[in-house]
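Asker: My questions concern the predicted model and sequence given below.
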Amino acid sequence: MKNIDSYTHLRGESVYLDDIPMTNGTLFCAVFDSPIAHGKIKLLDTAEATTMAGVVRIFTAADIPGENQIGGIIPDEELLANTHVHFCGMPIALVVATSDEAARAAIKKIKVEIDPLPIITDPREAKGKGELIIPPRTFQLGDTTNAWSKCDYILEGQTETNGQEHLYIETQGAYAVPQENGAFRIYSSTQGPTAVQRTVARVLNLPMNQVEVDTTRLGGGFGGKEDQATTWAVLCALASYHLKKPVKYSLHRMEDMRMTGKRHPYSSDFKIGLSKELKILAYEATFYQNAGAAADLSPAVMERTLFHCNNTYFIPNVKATAFCCRTNLPPNTAFRGFGGPQGMFVIEAAITKAADALNIPASEIQQKNLLQTGDEFPYGQIADSEANECWNKADEQFNIKELQKGVDEFNASNKNHKKGLAIMPICFGISFTKTLMNQARSLVHVYTDGSVAVSTGAVEMGQGVNTKMLQVAASVFSIDPSKIKINTTNTYRIANTSPSAASATADLNGIATEIACTTILQRLKEVAAEELKTELSSVEIKNERIYIDGKATDWDWNKLVMAAYVKRISLSELAHYTPPGIHFDATKEKGHPFAYHVYGTSITTVTVDCIRGIYEVDAVKVVHDFGKSMNTMIDIGQCEGGIVQGIGWMTMEEIIYDKEGKLRSNALSTYKVPDIYSVPKEITIQSLTTEKNNLAIFRSKAVGEPPLMYGIGAYFALRNAVKAFNPTTVIPFDAPMTPEKVLMSLYPNT
Ligand code: LUZ
Ligand code: MOS
């Protein structure tokens, strides 16, 4: 089944925030944000801006009727700066005008005087000064202290991974339209409609039932709109509240890049110990997470770093500690992988350092330590592992030895070009790590003409979740997909939603939809049994036809639906789903937090131009654990996109804040994302198909985030290519491996 959005996407007819027809009298806003990363506001002068043509009003913290607070996990983030600013880009005032241009022109006339305070941009410095957002957490398995004496090899080191700009094609934005009796309808480009609803209610001091949030689809989210879509929606609602007019804000790209948080940069230390047989006996890691100026989702992201600190390896003795460090950068936030990739990079660096020291390929250590079913994760869950299956199938399909031989032969016969190969096995836990967030609801209506409408908490952001929801309904009812419509995500129809995140959206909302449809189907079968005077157990509905004991009747779906209506049987159902068996005890840091894990293995080869430092990714060959994919095209698309996004993070996307906390890479002229020329020349994705009894929708495992981690392989492949040119060079584990850094590591002494 093709993606149901492809037709309107191709014709430019899909509706995003900017395609929603605006009500007459709509006003537009723009934010005046802090030019200073840390300080006390001495003076805010909006006098001149207020007199500008088209300006309607300028709002500040003093205009907030409820709480000036948008913090989700911890209430530590003001919507509009009151007395202090904590990062460059922190909203201070909101200009509302009759046009977009007028609002932005007025911004330039606002003056602010700020008494500067010390600026911290580095997480280790923040930790040194006690600037922690939450107390540190430690995950532990076995006993590392005693394990070191049993190790034959012990290596230590430090790693850096940089942030990443989400670069959703559709920037952040919202449109608030006042309704009768002080209620609001808010169109928001958000992954979390309920988060927007809750925060609007809090800031405007309204009950949540006065706030309707409606989302048709996003032009990309990647985690950037899990929490940080809220600000813009709340600002529109604030202006709309005071002015009783519809208010819209659609951010310009540079505003978006400057004011929103990104993937968390991490600085980390590791210590790894191995036996002579290359078994990893002990591993310690310390993670310094650069959280930015407020908590946002950082504590949860930090937790996932700990969950994925051992990637896909069994290590009997592990101790991993993480610090959530407050700095004067925009609060960093969810980004595909949610701290997992940052944790996995460190163990891969540790293995690589050990392999370098022993003069063996890292793959020898990787393969010997892959998780087996029955092994324990550092957080207590027992693995149902596909790690070896994925690795072995990758070897069978792609012949790792042969690929390595090709690389070696190329390197032996080329002086100025070198190839490198790296293998990246992955393991990613599926579920929100916060157990309570693992719940979803689905509302299914069957209309009297036989057509079906489905509403869930799932937000379509290009990942194809609506297509999957439609497939679920079509499959349970056994009706043609054209009979089914997936409605917008709306807080009046589906309440208390979790954000579409954690790769879990199709599972949670899909199973809720399956339950709702199954319940209605059961009622329909009862009607059929009664009308056709037969046993319930002999009734079946297949391809819109009613069968009794396997024999087609002259009853079809439409006739049955109408019969049920006439008998006053409900043709609607609201179902609730939460995965059974998951739990986590944060006081012990043990439990069974994940419904299941997704595994996979990638093999990445690159070619480096050793004169210029530039490079190409030749191929990424993958065996990925899809379970039993319910939509191959969508799932392959998620893999390809994830791989390219991961390679971007690891190789070319370089976020630079200067010492003053100012974003230097603040536009697409200074921030390089992968384009069609930089994608791998070949991406081959093979499926490890399993049909185990897991908690995935139709056994089709979650696919959103895991493939991003294959991109880490590009970093290590580049490293290997550089070493082929200069075997004695010392390359710090400092991602991204930009062409500049490649050049410097090719010629470290020049
Ligand atoms: N969001 C969240 C996530 O709130 N909790 C999670 O565990 C998570 N994991 C991945 C991506 N987003
Ligand atoms: Mo996400 S990082 O699943 O919003």
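Answerer: Everything's here; your move. Note that this is a predicted model, so its numbers are computed, not measured. Ligands and ions are numbered 1, 2, ... in the order given.

Asker: what residues does this structure put near ligand 2?
Answerer: With C-beta under 6 Å from any ligand atom as the criterion, the chain meets ligand 2 at residues Gln191, Gly223, Glu226, Ala334, Phe335, Arg336, Phe338, Ala501, Ala502, Glu705. Heads up, the C-betas are built off the backbone N, CA and C, glycines and all.

Asker: one more time with 8 Å, if that's ok
Answerer: For the chain, the residues in contact with ligand 2 (C-beta under 8 Å from any ligand atom) are 191, 221-226, 334-338, 499-503, 704-705.

Asker: did I read that right, Met633 in a helix?
Answerer: Yes. The assignment for Met633 (DSSP: H, G, I helix; E, B strand; the rest coil) places it in a helix.

Asker: So what's the residue count around it?
Answerer: Using other C-beta atoms under 10 Å, Met633 has 14 other residues around it.

Asker: before we move on, what about Tyr677?
Answerer: Tyr677 has 6 neighbours, counted by other C-beta under 10 Å.

Asker: ok, which of the residues of the chain next to ligand 2 also contact ligand 1?
Answerer: Checking the residues of the chain next to ligand 2 against ligand 1 by C-beta under 8 Å from any ligand atom, the ones in range are Gly223, Glu226, Ala334, Arg336, Gly337, Phe338, Pro499, Ala501, Ala502, Ser503, Glu705.

Asker: so the first one makes contact with Phe335?
Answerer: Translated: Gly223. Yes. Counting by C-beta atoms under 8 Å, Gly223 touches Phe335, with 4.3 Å between them.

Asker: Show the buried residues in the residues of the chain next to ligand 2.
Answerer: For the residues of the chain next to ligand 2, a burial check counting by 16 or more other C-beta atoms under 10 Å picks out 191, 221-226, 334-338, 499-503, 704-705.

Asker: can you pull the contacts of the spatially most central residue of the chain?
Answerer: In the chain, the residue lying closest to the centroid (C-alpha atoms, centre = their mean) is Arg336, at 2.8 Å. Contact analysis of Arg336 by C-beta atoms under 8 Å, 6 or more residues apart in numbering lists Phe222, Gly223, Gly642, Gln645, Gly704, Glu705, Leu708.

Asker: For burial, what's the neighbour tally of the last one?
Answerer: In other words, Leu708. Leu708: 29 surrounding residues under other C-beta under 10 Å.

Asker: That one falls within a helix, correct?
Answerer: Yes. Under three-state DSSP, Leu708 sits within a helix.

Asker: Helices along the stretch 551-700 of the chain, start to end?
Answerer: For the stretch 551-700 of the chain, applying DSSP state H, counting those that start in this stretch gives helices covering 557-566, 632-651.

Asker: what's the distance between whichever residue of the chain sits closest to ligand 2 and Glu303?
Answerer: Per C-beta to the nearest ligand atom, the residue of the chain with the smallest distance to ligand 2 is Gly223, at 2.9 Å. Gly223 sits 15 Å away from Glu303, going by C-beta to C-beta, to the nearest Å.

Asker: same thing with Leu243?
Answerer: In terms of C-beta to C-beta, Leu243 sits 41 Å off from Glu303.

Asker: More neighbours: those two, which one.
Answerer: Glu303 (25 against 16).

Asker: who's in contact with the nearest residue in space to that one that is not next to it in sequence?
Answerer: Residue nearest to Glu303 in three dimensions, not counting chain neighbours: Thr433, with 5.3 Å by C-beta to C-beta, 6 or more residues apart in numbering. With contacts defined as C-beta under 8 Å, 6+ apart, Thr433 is in contact with Ala300, Glu303, Arg304, Phe307, Ala502, Phe584, Pro593.

Asker: Would you mind giving the domain segments of the chain?
Answerer: For the chain, automatic domain parsing gives the domain ranges 6-12+28-117+172-250, 266-433+587-746, 439-577.

Asker: a markdown table for the ones you listed, including mean pLDDT?
Answerer: Shown next, in a markdown table, are these (pLDDT from 0 to 100):
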| stretch | mean pLDDT |
| --- | --- |
| domain 6-12+28-117+172-250 | 98 |
| domain 266-433+587-746 | 98 |
| domain 439-577 | 98 |
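
Asker: just so I know, which of these lies nearest Asn146?
Answerer: When the domains of the chain are compared by C-beta to C-beta, domain 266-433+587-746 sits nearest Asn146, at 7.8 Å.

Asker: how distant is that closest one from the center of its chain?
Answerer: 15 Å (C-alpha atoms, centre = their mean, to the nearest Å).

Asker: and the end-to-end length of that domain?
Answerer: End-to-end distance for domain 266-433+587-746: 25 Å, by C-alpha to C-alpha, to the nearest Å.

Asker: Close to ligand 1: what parts of this structure are there?
Answerer: For the chain, the residues in contact with ligand 1 (C-beta under 8 Å from any ligand atom) are 223, 226, 297, 300-301, 303-304, 334, 336-340, 431-434, 437, 498-499, 501-504, 705.

Asker: do that again at 6 Å, thanks
Answerer: Residues of the chain lying close to ligand 1 (C-beta under 6 Å from any ligand atom) are 223, 226, 297, 300, 304, 334, 338, 432-434, 437, 501-502.

Asker: Alright, calling it a day.
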